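1. I'll drop the sequence and a predicted model, then ask my questions.
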Amino acid sequence: MSAIRMLFLMVAALTMLGIWLTGFGVVHWVLYLPVAALAFAGITGICPGYMIFKKLGFRGQMPGDNI
């Protein structure tokens, strides 16, 4: 597993922990969207946000670029 996929899973887990600590009935449903997208990206390796931003015209990362 790559580091970026592990990062996606960790952010999803921490956000879900925050939702759990506040209470599932109190949190607005919109807060579940980034959790689902990050968990999907971590498990499959396909990042929906990255694909959306590339379609909007933002430049993607080139092979060999340092972040």
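-> The structure has been received and is ready for your questions.

2. helices or strands up against the one helix or strand residue 21 maps to?
-> Residue 21 belongs to helix 3-22 when assigned by DSSP states H and E. Under the contact criterion of 3 or more Cβ pairs under 8 Å, 6 or more residues apart in numbering; DSSP states H and E, helix 3-22 touches helix 32-44. Using the backbone N, CA and C atoms, a C-beta is placed for each residue, glycine as well.

3. rewinding a little: okay, angle between the helix holding residue 21 and helix 32-44 too, please.
-> Relative orientation of helix 3-22 versus helix 32-44 (axes from the mean of the first three to the mean of the last three Cα atoms, to 10 degrees): 140 degrees.

4. what pLDDT, on average, does helix 3-22 get?
-> Across helix 3-22, pLDDT averages out at 90.

5. need the residues that contact that helix.
-> The contact list for helix 3-22, computed with Cβ atoms under 8 Å, 6 or more residues apart in numbering, reads 27, 31, 32, 34, 35, 38, 39, 41, 42, 43, 45, 47.

6. buried subset of the residues you listed as a ChimeraX selection?
-> To isolate the buried subset of the contacts of helix 3-22 in ChimeraX, counting by 16 or more other Cβ atoms under 10 Å, use the following:
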select :35,38,39,41,42,47
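
7. quick one: least confident of the contacts of helix 3-22?
-> Within those, pLDDT is lowest for residue 47, at 84.

8. buried ones in the helix holding residue 21?
-> Applying 16+ other Cβ under 10 Å to helix 3-22 flags 8, 9, 11, 12, 15, 16, 19 as buried.

9. quick one on the thing from earlier: in CSV: the contacts of helix 3-22, plus distance to residue 2.
-> Shown next, in CSV, are these (distance: Cβ to Cβ, whole Å):
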residue, distance to residue 2
27, 30
31, 26
32, 25
34, 20
35, 20
38, 14
39, 15
41, 11
42, 10
43, 12
45, 8
47, 12
